[in-house]
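A.B. asks: Would you be able to build a 3D model of this:
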Amino acid sequence: MARADFDLFDRLERFYDTLPRRWSRTEEIGSLVLFIREGEGWPYYARPRPGSPTPTAADLIETRRRQRELGVPEAFEWVHENSPDLLAVARSAGLEVLLAPLLTLDPAALLPELPIPDAAIRPVDPTGPTFAADLAAARAVARLGFAAPAYASPMESALVIDVAGPTERDAATAPGIAGPDLEAARRQLTSGDYETLIAASPEAGVLAAGTSQRAGDVAEIAGVATLPSARRRGYASQLTATLARRVLARGAHLVFLSAGDDDVARLYTRVGFRRVGTACIAEPAATL
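C.D. replies: This next block holds a predicted model:
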């Protein structure tokens with residue numbers, strides 16, 4: 001691995017280790033660190049402890065036992081280039097591993113700001129009166145978007161892709177977000193480390209959403225999703241580009257993301273991202 005590549009992957013590893021610590025407590029199990037969210041919010045994962053040997057199958061099995069005990073998902077994440085031997089170990093320990101293309105932004109190639117049809121991009125404002133409604137709609141769009149593959153056969157497209165629209169989004173939004181969950185999201189979005197953007201239409205409401213998360217001068221763009229009925233209008237591309245411009249303006253020098261598959265990765269290359277490696281996302285293998 002060239003020195004420049006080593007520095008890149010070292011920065012990514014430090015980002016992944018740093019970002020959750022403000023919002024979680026940790027437990028070390030062998031060569032793994034288990035991040036356990038404090039309070040409400042999306043649960044975290046376990047990942048290799050920086051500088052440690054490759055986790056063993058026993059480390060993974062014990063961590064899964066602890067995750068079950070805590071009632072959190074049995075989830076593991078790592079960068080393949082930093083822990084190349086872990087893939088085989090994870091599979092031997094009963095985990096199914098998604099090999100997600102890992103891409104970094106070339107700022108000189110960033111897609112220019114262009115208008116999008118019938119919608120405008122704006123932040124979800126944690127201090128605004130529509131915060132709860134905007135956040136609930138953004139989460140519903142993400143659930144529906146990720147549930148329906150963006151690339152499918154013509155038959156699948158006819159049956160799945162164009163089904164979920166504003167009606168389904170509104171049904172998925174109810175009963176909304178309130179209480180500790182809403183306050184946890186408000187704290188996160190006011191911290192300066194996170195930002196959620198939505199593409200919204202005056203008539204149809206929220207059609208796409210995405211988030212940036214930053215630690216130091218490294219930022220990740222995550223959770224970019226479009227309501228299935230609103231796809232192929234450029235919402236995801238412009239949302240991603242806008243998130244990237246905004247984190248660059250706030251001091252990020254390295255911007256990256258993980259794509260669900262090679263087809264999605266090709267979409268991001270049109271935005272200005274270039275593949276540099278593979279992010280591994282593991283969970284228990286499905287059983288019949």
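A.B. asks: quick one: the one residue sitting closest to the centre of the chain from Val33, how far?
C.D. replies: Central residue of the chain (CA atoms, centre = their mean): Ala222, 3.2 Å from the mean position. Between Ala222 and Val33 the computed distance is 20 Å (CB to CB, to the nearest Å). C-betas here are computed from N, CA, C, even on glycine.
A.B. asks: Likewise for Asn82?
C.D. replies: Distance of Asn82 to Val33, computed by CB to CB: 13 Å.
A.B. asks: More neighbours: those two, which one.
C.D. replies: When neighbours are counted by other CB atoms under 10 Å, Asn82 and Val33 differ, and Val33 comes out ahead with 24 against 19.
A.B. asks: Just the pLDDT for that one.
C.D. replies: For Val33, the model assigns a pLDDT of 98.
A.B. asks: what ranges do the strands span in this protein?
C.D. replies: For the chain, strands defined by DSSP state E occupy the ranges 24-29, 32-37, 46-48, 76-79, 95-105, 120-123, 194-201, 205-215, 218-226, 254-258, 273-284.
A.B. asks: Thr18 touches Gly216, doesn't it?
C.D. replies: Yes: with contact defined as CB atoms under 8 Å, Thr18 reaches Gly216; the gap is 7.1 Å.
A.B. asks: Need the strands of the chain in CSV (columns: distance to Ala57).
C.D. replies: Converted to CSV, the strands of the chain look like this (distance: least, CB to CB, whole Å):
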stretch, distance to Ala57
strand 24-29, 12
strand 32-37, 12
strand 46-48, 14
strand 76-79, 12
strand 95-105, 10
strand 120-123, 44
strand 194-201, 34
strand 205-215, 30
strand 218-226, 29
strand 254-258, 25
strand 273-284, 12
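A.B. asks: Point out the one among these that comes closest to Arg139.
C.D. replies: Between Arg139 and the strands of the chain, the shortest gap by CB to CB is with strand 205-215, which sits at 7.8 Å.
A.B. asks: Partner strands of that closest one, with direction?
C.D. replies: Here strand 205-215 is paired, per DSSP bridges, with strand 194-201 (antiparallel), strand 218-226 (antiparallel).
A.B. asks: CSV please, covering these and showing distance to Gly145.
C.D. replies: Listed next are the strands paired with strand 205-215 as CSV, based on distance: least, CB to CB, whole Å:
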stretch, distance to Gly145
strand 194-201, 12
strand 218-226, 3
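A.B. asks: Among those, single out whichever gets nearest to Leu103.
C.D. replies: Closest approach to Leu103 among those (CB to CB): strand 218-226, 9.6 Å.
A.B. asks: What's the mean pLDDT across stretch 21-28?
C.D. replies: What stretch 21-28 shows for mean pLDDT is 95.
A.B. asks: got a list of contacts for it?
C.D. replies: Residues from elsewhere that reach stretch 21-28, judged by CB atoms under 8 Å, 6 or more residues apart in numbering: 33-38, 41, 44, 49, 66, 188, 191, 193.
A.B. asks: follow-up on the earlier one: which residues are in contact with both of Asn82 and Val33?
C.D. replies: Pro48.
A.B. asks: Perfect, that will be all.
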